[in-house]
Structure formats: structure tokens, C-alpha cells
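Enquirer: When you get a sec, could you give me coordinates for this:
(2 chains)
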Amino acid sequence: MDILQICIVIFVLLLLVKPVGTYVYHMFSNEPNRTDRIFGGVERVLYRIIGLKQRGSMNWKKYALSMIATNIFLVAISYILLRTMGALPGNPSGIGNMEASLSFNTVISFMTNTNLQHYSGESGMSYFSQMIVITMMMFTSAASGLAIAIAFMRGITRRGEGLGNFFEDFIKAHVRLFVPLALIVTLVLVGLKVPQTLEPMRAVQTLGGGVQQIPLGPVASLESIKHLGTNGGGFFGVNSAHPFENPSPLTNVIEILSMWTISASLPYTFGRFARNKKQGWMIFSVMMTLFVAFLCLTYFSEKAGNPLINQLGINSSAGSMEGKEVRFGIAQSALFTTVTTAATTGSVNNMHDTLTPLGGLAPLAEMMLNVVFGGKGVGFVNMIMYAILGVFICGLMVGRTPEFLGRKIEAREMKLIAVAILMHPFIILAPTAISFMTHLGTDAFSNPSYHSLSQSLYEFTSSAANNGSGFEGLADNTVFWNVSTGLVMLLGRYISIIALLAVAGSLAVKQKVAETPGTFRTDNKLFAGILTGTVLLIGALTFLPVLVLGPVAEFLTLN
Amino acid sequence: MMDVYMILALAATYGVFLLFLHWCGRVVEEG
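Expert: The predicted model follows:
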């Protein structure tokens, strides 16, 4: 039954990939299509409001600068709103201003599509802030990421200076994709008992005779874009494990598909841009192969349970249910965990800190690779980065100038790709080491021995991959953790985006090389194997030592 | 005072990104 549930969700995803991928292609291909009649009017009004008269194509530098400038503006506005939260309306619980370092962490977290939360929504965020700051940034960060992915696709598949117009792409992503989908998913979630209200907390009499405050709020509207935009920040502290965020197995499946579908469809969109659908399916197959491998590791580790508890003679037929919701069980928890760290959403329907050692290694490894579907656009771009690296290595081995999609790969592209690839392990491993060198870091660990390394490693990996989930035994709302993870989130987001837009800009102006019988094909099973090998080899070389000291050592100790 | 530090940290980091963007531009042009 468990396996059947998982297979049905994957089957539904496979049915959605082609139509969604085609829709996204038509959105951004700038060719006239049927959706123009529905959304064109709204877009023209918005272009007029923001003063966008010329919608000419931008070169890679201008595109990157436009994205960064937009993000800086939104970060500044959001920081002010969080620091003055206590004086603003829409605050029935009378929550005070957010502390400075926590505001720093929170605005970066939501602008970088990470949604790492060092606060708890019930007690740390007013309704106004949940709607105007958090939900707004969930839309804008997702639209920024998607726009970057589309610009990258244009750069490596089409010839010419321009990658498109950032502001046009940014508005299209909102008007044609995220807002309509969020509206539909919100209404479905409300129909399935997720609250959407501005009523304050409700005091109820408990069975024990006490009084309990039940937090409510505009949950469904945040919940929809939280997953559609691969954001992941919960309205409540325990995120999608909370019965008001995720009340049933059906809402669980809706949330899984919401966060997975667009990311999984982008390879097909890429195939349409490249006028070679096989190329898109090749990328998709590599992502899905890696995903299924990690899903199996999580599912079977959790299903086997904790050997120390099993030895006590306790019935462990349900698997390791510590930190999990009974209404989801092992299958829906393992699937959610694997999808949320593959699509770098970071929402959780079970507590990752209580996963078994190998069950926790799988989400950690997915974030370290950062290419298994990935967040809005960024995972796809990272996978293409590895594809270019794979082509380059193959070219070196056979003594032929490497080509990707008919364009020569030269030293300048490899220099930029090397920076992007090396930045990811650097901003994970260096801060993890620093956190052990000062009591400011070690004071936060709730577990002695190997698991403390896993906790710190997970926090920085999640920040660098712009995921946002955590091993939440870590007491991370301190200046040290707020600032260090904030800086890691920024570096994890922008360095790779800038470097890869430069690669796209560099490839866009190159002459296309004619295909010959000797051309190395990148749309077949052989290249899928090479790409998988490249991803795993780079990942293993950079992260295996630290994984051995953390989750693997825990596993060996437990057994 | 903490606000000043946080705003400076944000400004400095975005400044680094602009320098990095400039460096990437030079790599592309020189290539």
C-alpha cells in the first residue's frame, strides 16, 4: 500500500510534466498564443504602472542587475516592515517588532526563496506581516528564480545578445502562473478545511479543564504559494505537520504536487526552447533517477525503524514514527521529505531532526547536490551547469573541443562554472567548521556527539541550497546563527545566478557549430549516464568526508 | 545600533555581488 501511494503520486506528476512544461514555454517564448487574450490586458496595465515602456531584450549583465536591484528594493521594504511590526495594523495578538538580527535573517531567507525560519509564526509574526511581507516575498522570490531559469534557457538555445527582459518575465511569472495557480490551490485547500480568516486566536476549554489558545489566520493563501513557489516557510512553527496547514493525506498529496510540478516541468520547457524534446527528457530522467534513489534510501531507512528501539521489544511494524504524524505514516512522510529537499522547498510534514541517520542523510545529500529538480529554476540551471562540465570532461578525454547545443565550451565558461560549483561546498563546509570553533555555535547544539555535526551541517546546507528546512533541535535564533545563515543564503543564491547568467550571455553570442557525425550527442542514454556520474562524483568528492563524520557515523553507532 | 550593523552587512554583501558581476563581465569579455 505504501509503495502504491508513492507510485500514484509519481504517475500523476508524469502526467502533469508535459502540459505544464508546454504552458511555461508558451508563457515565455514571446510568440503570440492563446493566453495573451486572457492575461495580456492585466500585464499591460502593470507595465504602465511600473513605467515599463520599452520591453527590449537585455544582455546578461543588465538582466542580472535588474534582478538584484528588484531584490534589494524588496529586502529594504520588508526589513522596515518587520522592524515596525508592532506599530502596524493587522496584529490582533499584539506581537512586537521583530529583533534586528532575526529581521535580517528573515528578509534574506524569504527573498532568496529559502524560507529558513528562526521564528515561530504563531508568536513571532502578525497577520499583516504574514500577508504583506512573507506571502509577497514568496511570490516575488519564486518569480525571480523562474525568470532567471528562462533567461538562461534563452541564452544557451538562441543566438543573439539578449536574454529577454527581466521585468517582463517577472510580471509574466506572476500574472500567468503563480497568481492563478495560487488562487486555485488556495480555494481547494479551504475546501479541505485549511483556515483562511483574519479572526484572532480562539480560546477553547480543553478536556483537562484548562484553557488553550488556538492560533488561526490567513493560512490557505500562504500555504498555496509556499509550495507552488518552492518557498517552504510555514504559517505555524511546525509547518506542514500542523493540522491547520496540512489536515489530511489528500492535502499532503496536493502540497507535494504543488511544490514538485513546475520544477519537474522545466526540463521539458528547456527541450521546447532547444527544439529538441529528447534533450529535455534526458535532463528529466537524470533528475528522476537521483530522486528515486534518495526516496528509496529515506523510505526503507524509516520503515526499518530505530534498531535500539526495536531491541526493546516494542512493536515497530509501523517503522520509525518518532517526529512523524500518524495521519501521514512512513510513506507520505518519506515522500514529502524527499520532494521538499529535492525541489528545495523546505516545508516539512515530519521533523527531520528525528529521521533515522540514513533517512536524514538522503535529504542532506539532495541539498548538497542541489540539482535533483531543484527550486524554482535554480535546480534546473545547476543541472545544465553539470551537463556543460560533463561535456567538457568528455571533450578532454577524446581530445575534441567540447560543444553543448552546438556552441563551443571554452575556458571562460569553465572558469565561471568552476566558481559556481566550488562556491556551494565552500559556503557549507567553512561555516560548519566555524560553528564548532566558538561557543556561539556550539551552544545551539541539542545533541552531543556526531549528531551535533549533522545539525550544523544540515543548517548550513539548507541555507546554501536555499531550502529552509532544518534539524530543528538546533537553538538557532541567536545573532551568530541569524547572521551566519543569512550570509550563506545570500551567497548561495546570487553567486551561482550571476555566474551562470554570464555563461548564458557568453554562449548566446557564439556562432553555432554545424553538427557532424563526430559531434558528441547530449540527448541520449550515454550522456544521461555521464551526467549522473558527474553529479555524483563532484558531490562525493566534496561532501563524503563530512557525511562520514555525521550521519554515517551515527548509523554505525546505532547499529 | 544593531540595525546599523545589519543594514551595513546587507549593503556590503550586495556590494560584493556587484563586484562579482563586474569580474564575470571581464571574464566573458577577455575570453
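Enquirer: Tally up the residues packed near the residue in the stretch 351-500 of chain A positioned nearest to chain B, please.
Expert: With CB to the nearest CB, the shortest gap between the stretch 351-500 of chain A and chain B falls at A:Arg412, namely 2.7 Å. Just so you know, the C-beta spots here come from the backbone N, C-alpha and C atoms, and that holds for glycine as well. Here the number of neighbours of A:Arg412 (other CB atoms under 10 Å in any protein chain shown) works out to 19.
Enquirer: top helix in chain A by residue count?
Expert: Longest helix in chain A, counting residues (DSSP state H): helix A:479-508.
Enquirer: What is the subsequent helix or strand relative to that helix?
Expert: Next helix or strand after helix A:479-508 toward the C-terminus (DSSP states H and E): helix A:525-547.
Enquirer: So which bits of that following helix are buried?
Expert: The neighbour-count check on helix A:525-547 (16 or more other CB atoms under 10 Å in any protein chain shown) flags A:527-528, A:530-532, A:534-535, A:538-539, A:542-543, A:546-547 as buried.
Enquirer: what's in contact with stretch A:95-109?
Expert: Identification of contacts with stretch A:95-109 by CB atoms under 8 Å, 6 or more residues apart in numbering or on different chains yields A:75, A:78-79, A:82-87, A:114-119, A:123-126, A:129, A:133, A:137, A:233, A:468, A:477-479, A:481-483, A:485-486, A:489-490, B:2-3, B:5-6, B:9-10.
Enquirer: Filter these down to the buried ones and hand me the ChimeraX line.
Expert: Buried residues within these, by 16+ other CB under 10 Å, are selected in ChimeraX with:
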select /A:75,78,79,82,83,85,114,115,116,117,118,119,124,125,126,129,133,137,233,468,477,478,479,481,482,483,485,486,489,490 /B:6,9,10
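Enquirer: Go through the contacts of stretch A:95-109 and flag which are in helices.
Expert: Reading helices off the contacts of stretch A:95-109 with DSSP H, I get A:75, A:78-79, A:82-83, A:123-124, A:129, A:137, A:479, A:481-483, A:485-486, A:489-490, B:2-3, B:5-6, B:9-10.
Enquirer: Can you list the residue ranges for strands in the stretch 151-300 of chain A?
Expert: Ranges of strands in the stretch 151-300 of chain A, per DSSP state E, counting those that start in this stretch, are A:202-205, A:211-214.
Enquirer: The residue of the stretch 351-500 of chain A closest to chain B is in contact with B:Glu30, isn't it?
Expert: Yes. Judged on CB atoms under 8 Å, A:Arg412 makes contact with B:Glu30 at a distance of 7.2 Å.
Enquirer: quick revisit: right, and the strands of the stretch 151-300 of chain A - which one's nearest chain B?
Expert: strand A:211-214 (30.3 Å).
Enquirer: That closest one pairs with which strands?
Expert: If you go by DSSP bridges, strand A:211-214 pairs up with strand A:202-205 (antiparallel).
Enquirer: can you dump the C-alpha coordinates of the strand it pairs with into PDB?
Expert: This file holds the C-alpha atoms of strand A:202-205, laid out as PDB (Å, rounded to 0.1, in the frame of the first residue of the first chain):
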ATOM      1  CA  ARG A 202      -9.500  31.400  19.700                       C
ATOM      2  CA  ALA A 203      -9.600  30.400  23.400                       C
ATOM      3  CA  VAL A 204     -11.000  26.900  24.000                       C
ATOM      4  CA  GLN A 205     -11.700  24.800  27.000                       C
END
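Enquirer: Since that was my last question, I'll sign off now.
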